[in-house]
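Trainee: Below are the sequence and a predicted model for it; my questions follow.
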Amino acid sequence: MTGQTAVRAGRKEWIGLGVMSLACVLYVMDLSVLHLAVPAISEDLHPSSAQLLWIIDVYGFMVAGSLITMGSLGDRLGRRKLLMIGAACFGVASVFAAFAPTAELLILARAVLGISGATLAPSTLSLLRNMFLDPVQRSRAIGIWVTSFSAGGALGPVFGGIVLEYFWWGAVFLLNVPFMAVILILGRKLIPEFKDPEAGRADIPSALASITSILLIVFAIKQIAQNGFSWVALAGVGLGLLVGTWFVRRQKSLDDPLIDIALFSVPSFRLSLVTYGLGIMVMFGGLLFIPQYMQLVLGFSPLIAGLWTVPSALMSVIGANVSPWLLRWVSPTRQIGGGLALAAAGFAVVMLVQPSHGLWQVVVGSILFSIGCAPIFTLTNDLIIGSVPANRAGAAAGISETAAELGGALGIAVMGSVSIAIYRAGIEPVLVGVPADSAEMARGTLGGAVVAARTLPVDVGNRIVTAGAEAFTTGMQTVALMSVVISLVLAVVVLVRGRLVLVAAKSE
């Protein structure tokens with residue numbers, strides 16, 4: 001009993017968790033806050049269309065590409081030290097981005113923000129492994145950690161909107177600075193330092209190969225999502241896989257690899273990682289179209305549409321914190337499997353939406369799949385971190401967050417491509433005889449169809465908007481069906497292999 005009491009975390013660790021969670025909130029906020037500032041940036045800096053895409057995407061690219069390297073670097077350099085360095089660089093880059101005088105310099109600042117942001121998630125998650133040695137406390141801590149990401153996604157647009165109402169676009173980046181200062185001041189006092197005492201020097205070729213491989217694959221996935229399959233996208237995937245294969249082979253030959261490939265032989269680690277990545281993919285697919293449906297099909301304003309998404313966000317937060325408490329009675333695999341089944345039910349409700357009505361379907365459906373997905377994000381991360389030695393927690397955290405980034409990118413690419421194909425097939429028949437420019441705009445997105453309709457005769461415009469809404473809704477229903485199938489298949493896999501996962505987790 002005394003041994004159990006000795007390893008339980010105290011007040012200092014829980015307050016330290018709050019500081020680390022603040023870092024994660026800012027990390028996610030920076031992914032979403034920029035979208036509101038795009039019109040003002042376009043007016044001020046006059047970027048080209050390609051530059052504007054890079055301003056938006058380079059942050060996510062650099063985060064995805066750097067996560068594995070930063071997780072492994074934390075094991076070697078020290079996880080708190082890497083978190084402090086990342087927070088300082090994030091604050092400086094935020095100031096640089098706020099006052100960037102050209103599009104090129106803003107792209108550079110966003111890239112530095114991405115690299116800095118990549119230190120935050122793996123450092124904080126791996127620190128939890130050492131700060132919360134008691135399994136029950138660690139599960140609760142990871143639930144709070146997951147909640148910080150949901151909070152960041154919800155608060156980003158709100159804070160960004162308020163700031164842009166009164167200040168210039170650069171002020172959205174300055175939101176980060178005082179909070180990063182708080183993290184730097186309190187982090188040194190409240191967060192203990194941990195690193196692998198036996199770790200050797202980082203292998204630079206491995207780090208470069210890891211970053212290159214992930215960047216190429218994520219870039220190719222985004223290209224497919226935006227423009228469909230092309231030689232550029234296929235070349236990106238092929239080259240990324242080639243570099244990734246060389247990376248894996250190199251790790252097997254090194255005495256002190258960047259990633260211990262043997263981690264993937266641990267059943268609980270492997271299955272949890274796949275479940276986490278596919279869970280993110282399904283969640284992204286579900287959330288991708290709901291805001292557009294509310295605004296473009298149901299005709300809600302952005303504010304009203306945003307308010308209707310609050311219930312699902314709240315349920316996600318509640319679910320992430322209830323899951324660890326339920327571990328007293330319900331095993332992780334049963335929670336994850338049951339959550340996936342509940343998520344499938346939510347997506348099935350979304351399949352009932354119609355162009356003329358569907359508010360209750362998307363609200364109820366999103367609540368159900370948000371509750372269902374919450375245990376996945378909390379418990380898989382707990383299993384991933386808990387199934388590896390403490391000195392390799394940073395590398396495991398980097399792999400975990402990379403799986404999440406790839407899962408999100410795949411969700412957008414695969415489900416986005418399917419919905420776009422269905423949308424274009426549905427709207428094409430009503431574009432016969434429409435001027436080429438208007439037809440091309442309407443063919444691209446439903447938002448483009450709404451804009452194009454304003455320049456056409458009323459009857460033609462109404463016909464295009466109606467056909468576009470129907471085609472968009474059909475695409476949304478199809479994506480929901482895909483999510484139902486993926487969720488149910490994954491639920492069966494998790495439940496069937498659950499005994500193996502639990503045995504492996506307890507033996508580690």
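Mentor: On my side now, so go ahead.

Trainee: all helices of the stretch 51-200 of the chain, in order?
Mentor: Counting by DSSP state H, counting those that start in this stretch, one finds helices in the stretch 51-200 of the chain at the ranges 79-98, 103-117, 120-131, 135-166, 171-174, 176-190.

Trainee: Need the winner for burial among those.
Mentor: Each of the helices of the stretch 51-200 of the chain was assessed for mean neighbour count using mean count of other Cβ atoms under 10 Å. The highest is helix 120-131, with a mean of 27. (Each C-beta comes from the backbone N, C-alpha and C, glycine too.)

Trainee: Mind giving me the packing neighbours of that helix?
Mentor: For helix 120-131, the contact count by 3 or more Cβ pairs under 8 Å, 6 or more residues apart in numbering; DSSP states H and E identifies helix 11-32, helix 49-77, helix 79-98, helix 135-166, helix 359-386, helix 393-410 as packing neighbours.

Trainee: hang on, isn't Ala45 packed against Leu106?
Mentor: One correction, residue 45 is Leu, not Ala. Yes: proximity of Leu45 to Leu106 meets the contact threshold set by Cβ atoms under 8 Å, at 6.6 Å.

Trainee: Helix, strand, or coil at Arg8?
Mentor: Classification of Arg8 by DSSP: H, G, I helix; E, B strand; the rest coil places it in coil.

Trainee: neighbours around the closest residue in space to it that isn't next to it in sequence, how many?
Mentor: Spatial nearest neighbour of Arg8, chain neighbours left out: Asp134 (4.9 Å); criterion: Cβ to Cβ, 6 or more residues apart in numbering. Summarising burial for Asp134: neighbours were counted as other Cβ atoms under 10 Å, giving 15.

Trainee: what about the helices and strands packed on helix 120-131, which gets the closest to Ser210?
Mentor: Closest approach to Ser210 among the helices and strands packed on helix 120-131 (Cβ to Cβ): helix 49-77, 4.9 Å.

Trainee: Return the angle between stretch directions for the closest one and helix 393-410.
Mentor: Using axes from the mean of the first three to the mean of the last three Cα atoms, to 10 degrees, the direction of helix 49-77 lies 160 degrees away from that of helix 393-410.

Trainee: the inter-axis angle of helix 49-77 versus helix 79-98?
Mentor: Going by the same axes, to 10 degrees, helix 49-77 makes 160 degrees with helix 79-98.

Trainee: From Pro375, how far off is Leu342?
Mentor: Taking Cβ to Cβ, to the nearest Å as the measure, Leu342 falls 9 Å from Pro375.

Trainee: Can you tell me the element Gly299 falls in?
Mentor: Gly299 is located outside every helix and strand, with elements delineated by DSSP states H and E.

Trainee: Surely Ala141 is in contact with Phe132?
Mentor: Yes: taking Cβ under 8 Å as the definition, Ala141 is a contact partner of Phe132 at 4.6 Å.

Trainee: between these two, what contacts are shared?
Mentor: Residues touching both Ala141 and Phe132 (Cβ atoms under 8 Å, 6 or more residues apart in numbering): Ala9, Leu17.

Trainee: Can you classify Phe229 by secondary structure?
Mentor: Of the three states, Phe229 takes coil according to three-state DSSP.

Trainee: ok, now Trp329?
Mentor: With three-state DSSP as the basis, the three-state label of Trp329 is coil.

Trainee: on that earlier part again, for Val492, find the nearest of the helices and strands packed on helix 120-131.
Mentor: Checked against Cβ to Cβ, the stretch from the helices and strands packed on helix 120-131 lying closest is helix 359-386, at 14.5 Å.

Trainee: Distance from the closest one to the middle of the chain?
Mentor: Distance of helix 359-386 from its chain centroid, counting by Cα atoms, centre = their mean, to the nearest Å, is 13 Å.

Trainee: What sits closest to Ala374 if chain neighbours are left out?
Mentor: Spatial nearest neighbour of Ala374, excluding adjacent residues (Cβ to Cβ, 6+ apart): Gly319 at 2.7 Å.

Trainee: Now that neighbour: which helix or strand?
Mentor: In this structure, Gly319 is located in helix 310-326 according to DSSP H and E.

Trainee: and that helix, what does it pack onto?
Mentor: In this structure, helix 310-326 packs against helix 135-166, helix 332-350, helix 359-386, with contacts taken as 3+ Cβ pairs under 8 Å, 6+ apart.

Trainee: The same query, at a cut-off of 10 Å, please.
Mentor: Using 3 or more Cβ pairs under 10 Å, 6 or more residues apart in numbering; DSSP states H and E as the contact criterion, the secondary-structure elements in contact with helix 310-326 are helix 135-166, helix 267-292, helix 332-350, helix 359-386.

Trainee: hang on, the residue nearest to Arg8 packs against Gly10?
Mentor: No: using Cβ atoms under 10 Å, Asp134 makes no contact with Gly10, being 11.0 Å away.

Trainee: Quick one: the helices and strands packed on helix 120-131 as CSV, columns for distance to Gly416 too.
Mentor: Conversion of these to CSV gives the following (distance: least, Cβ to Cβ, whole Å):
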stretch, distance to Gly416
helix 11-32, 17
helix 49-77, 14
helix 79-98, 27
helix 135-166, 18
helix 359-386, 18
helix 393-410, 10
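
Trainee: Put together CSV for these, with mean pLDDT and distance to Arg443 on each row.
Mentor: Listed next are those as CSV, based on pLDDT from 0 to 100; distance: least, Cβ to Cβ, whole Å:
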stretch, mean pLDDT, distance to Arg443
helix 11-32, 81, 28
helix 49-77, 75, 17
helix 79-98, 89, 35
helix 135-166, 77, 28
helix 359-386, 86, 25
helix 393-410, 73, 24
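
Trainee: so which of those helices comes closest to Leu174?
Mentor: Comparing the helices and strands packed on helix 120-131 under Cβ to Cβ, the one sitting nearest is helix 79-98, at 5.0 Å.

Trainee: by how many degrees do the closest one and helix 103-117 diverge?
Mentor: 160 degrees.

Trainee: ok, now which ones touch Met283?
Mentor: Shown here is Met283, whose contacts under the criterion Cβ atoms under 10 Å, 6 or more residues apart in numbering are 316, 343, 369-370, 372-374, 376-377, 404, 407-408, 411, 483, 487.

Trainee: Compare these and tell me which is most surrounded.
Mentor: For the contacts of Met283, counting by other Cβ under 10 Å, the largest number of neighbours falls to Phe369: 33 neighbours.

Trainee: Contact partners for that residue?
Mentor: 282-283, 285-287, 312, 315-316, 339-340, 342-350, 480, 483-484, 487.

Trainee: neighbour count winner among Leu342 and Pro375?
Mentor: When neighbours are counted by other Cβ under 10 Å, Leu342 and Pro375 differ, and Pro375 comes out ahead with 31 against 21.

Trainee: Now do the contacts for Asp382.
Mentor: The contact partners of Asp382, by Cβ under 10 Å, 6+ apart, come to 128-129, 135, 138-143, 145-146, 272, 323-324, 327, 332, 375, 505.

Trainee: Need the pLDDT of Gln4.
Mentor: In the predicted model, Gln4 carries a pLDDT score of 44.

Trainee: buried stuff in stretch 215-230?
Mentor: Buried residues in stretch 215-230, counting neighbours by 16 or more other Cβ atoms under 10 Å, are found at Leu215, Leu216, Ile217, Val218, Phe219, Ala220, Ile221, Lys222, Gln223, Ile224, Ala225, Gln226.

Trainee: contacting residues for the third one?
Mentor: By Cβ under 10 Å, 6+ apart, the contact list for Ile217 reads 64-65, 236-241, 243-244, 406, 409-410.

Trainee: redo that, cut-off 7 Å
Mentor: Contacts for Ile217 were tallied using Cβ atoms under 7 Å, 6 or more residues apart in numbering; they are Gly236, Val237, Gly240.

Trainee: wouldn't the last one be in contact with Leu216 here?
Mentor: Yes: taking contact to mean Cβ atoms under 7 Å, the distance of 3.3 Å between Gly240 and Leu216 places them in contact.
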